[in-house]
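I would like to see how this sequence folds:
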Amino acid sequence: MTDASTASRGIVFVLVSWRMDAPAGIERATAALAAGLAANGHRVAIVTAAQQPPGPALDGVAVEPIDLPISFPCDDQGLRKAIGQAEDKLQAQLREIITRHRADTVVFTDALWGLGRLPGPLPDGVRRVLAVHVPPAPQDAAIALDRADTVIVPSPVVCAEGRPTDAWRVVPNALLYPPSAPPDEERVRRRQFAPVRILSRLGHEKGLVPLLKAAADWTYRLEVRVAHAGFEETAGSQAALLARCRDLADASPNITLLERPLAWRAVPDWLGAASAVIVPSLRETFGLVALEAMSTGVPVISYPVGNLPALKGAFPDARRLEGDPRQGADTLLRAAGDLLADPLAYGRTSQAMYHLVQDYRPDRIADLFLKAVS
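Here you go, the predicted structure:
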């Protein structure tokens, strides 16, 4: 009998906001899993309503456009309305793509943004998988969860926040690019001279404003790179948050705000050129930016929230990498400063970060995915 993880399969991912190099974790996680499956010899397509930028795409992964009358960025309510108006058309487009790619599995990457709330049946024999990166809103959850053959989540944190059943399976997010550890001399140079960095999309749950307020008089150089995602909480919320971040950065000589988004391929190098990376998120169901920084051997400072403690693991200096959300963002800055001032602890932490990410290579996560959904 042929093993489910080695036989050639056809997998279609659905995420209406997906575009190459989008500054958002679900898009990047979907890309990494799709690329891992394609590299392992499977037929893979991503269905999206977002216009794709010029330039290289993912090797072996087809990108299939669907016609959905929305403009980006879009908020949840606007998307729900558009889906309701185009439901029959969307289902017909999706069935045609499934048939053309000879897909046996469709992954709706979210109850709303991944069209998991569509009630229509799939072609006979096609498995319906719902990827729950964050617990869905009640108005999207019922159909999406009840119709799924399998629900996959990136960490047990999502199970704790949602309504898990026996069909829920943990499939961690994967690294899109392989880990790369710096030599010891580079670690020394980085600790002494490189800036502390933050990489984030514009979302209030990312904790940017409290961190920038706390860093106004910080002695270390802080570089913060932000970008607009294709989705937002309410219309205009990202623009308002960006304006606030600009004001705070302009008022501090040691804070540099960078607004040009990075191509995914450039993310590891940019994070890897930092002395430390701060993830000031108040909620993280996985922590992909943290994982990407760790893959370059950069220490990651964060609050002990969501999946971040599990991702960063337990080792002698692990508690030094945590701030206290009850006492505020000052504790993140203090933890970063204390680590940078201790060369021995810094070296141990850098090595630990790199070794902790080895289980997140895309080929391994692709195999875990196929076992979970078969």
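
how near is the closest residue to residue 278 other than its chain neighbours to residue 23?
Setting aside the residues directly before and after it, residue 278 is nearest to residue 301 in space (Cβ to Cβ, 6 or more residues apart in numbering), at 4.8 Å. To be clear about C-beta, it is placed using only N, CA and C from the backbone, and glycine gets the same treatment. Taking Cβ to Cβ, to the nearest Å as the measure, residue 301 falls 21 Å from residue 23.

okay, those two: which has more neighbours?
Per other Cβ atoms under 10 Å, whichever of residue 301 and residue 23 has more neighbours is residue 301, with 29 against 21.

contacts only, for the more buried one.
Neighbouring residues of residue 301 by Cβ atoms under 8 Å, 6 or more residues apart in numbering: 276-279, 321-323, 332, 335-336, 339.

check which helix or strand covers the residue nearest to residue 278.
Using DSSP states H and E, the element containing residue 301 is strand 300-302.

what's the following helix or strand after that strand?
Scanning forward in sequence from strand 300-302 by DSSP H and E, the next helix or strand is helix 308-312.

where does the chain have low pLDDT?
Scanning the chain with the threshold set as pLDDT under 70 gives 1-6, 161-167.

domain boundaries for it, per the record?
Following automatic domain parsing, the chain resolves into domains at 10-176+360-373, 184-356.

just the helices in the stretch 201-350 of the chain please.
For the stretch 201-350 of the chain, the helices defined by DSSP state H, counting those that start in this stretch cover 208-214, 237-250, 267-272, 288-294, 308-312, 330-340, 343-356.

from the contacts of residue 301, which is closest to residue 245?
residue 278 (14.3 Å; Cβ to Cβ).

so residue 203 makes contact with residue 228?
No: using Cβ atoms under 8 Å, residue 203 is not in contact with residue 228; the gap is 10.3 Å.

what residues are shared contacts of those two?
residue 238.

and residue 248, how many neighbours?
As a burial measure, residue 248 scores 20 neighbours (other Cβ under 10 Å).

distance check, it against residue 159.
From residue 248 to residue 159 the distance is 36 Å (Cβ to Cβ).

touching, residue 134 and residue 284? I think so.
No: shown here, residue 134 and residue 284 do not form a contact pair, counting by Cβ under 8 Å, at 10.0 Å.

these two: which has the busier surroundings?
Of the pair residue 134 and residue 284, residue 284 is the one with more neighbours under other Cβ under 10 Å, namely 25 against 20.

show me the contacts for the more buried one.
Taking Cβ under 8 Å, 6+ apart, we find residue 284 in contact with 157, 290, 302, 305-308.

now render these as JSON lines, adding distance to residue 357 and neighbour count.
Formatted as JSON lines, the contacts of residue 284 follow (distance: Cβ to Cβ, whole Å; neighbours: other Cβ atoms under 10 Å):
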{"residue": "157", "distance to residue 357": "18", "neighbour count": "23"}
{"residue": "290", "distance to residue 357": "10", "neighbour count": "27"}
{"residue": "302", "distance to residue 357": "15", "neighbour count": "26"}
{"residue": "305", "distance to residue 357": "19", "neighbour count": "20"}
{"residue": "306", "distance to residue 357": "17", "neighbour count": "21"}
{"residue": "307", "distance to residue 357": "14", "neighbour count": "21"}
{"residue": "308", "distance to residue 357": "14", "neighbour count": "24"}
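
and which of these is nearest residue 220?
Nearest to residue 220 among these, with distances taken as Cβ to Cβ, is residue 302, at 16.6 Å.

I'd say the closest one and residue 332 touch.
Yes: the pair residue 302 and residue 332 qualifies as a contact (Cβ under 8 Å) at a distance of 7.3 Å.

shared neighbours, these two?
Residues touching both residue 302 and residue 332 (Cβ under 8 Å, 6+ apart): 278, 280, 323.

enumerate every residue touching the spatially closest residue to the second one that is not a sequence neighbour.
The spatial neighbour of residue 280 that comes closest, neighbours along the chain excluded (Cβ to Cβ, 6+ apart), is residue 207 at 3.6 Å. By Cβ under 8 Å, 6+ apart, the residues touching residue 207 are 280-282, 303, 329.

look up how far residue 350 lies from residue 207.
According to Cβ to Cβ, residue 207 stands 24 Å off from residue 350.

what do you get for residue 236?
Where residue 350 is concerned, residue 236 sits at a distance of 40 Å (Cβ to Cβ).

of the two, who's got more company?
Comparing residue 236 with residue 350 by other Cβ under 10 Å, the one with more neighbours is residue 350, at 23 against 11.

ramachandran angles for the nearest residue to that one once chain neighbours are set aside?
Leaving aside its chain neighbours, residue 350 sits nearest to residue 297 (4.5 Å; criterion: Cβ to Cβ, 6+ apart). Main-chain torsions, residue 297, degrees, to the nearest 10: phi 80, psi 20.
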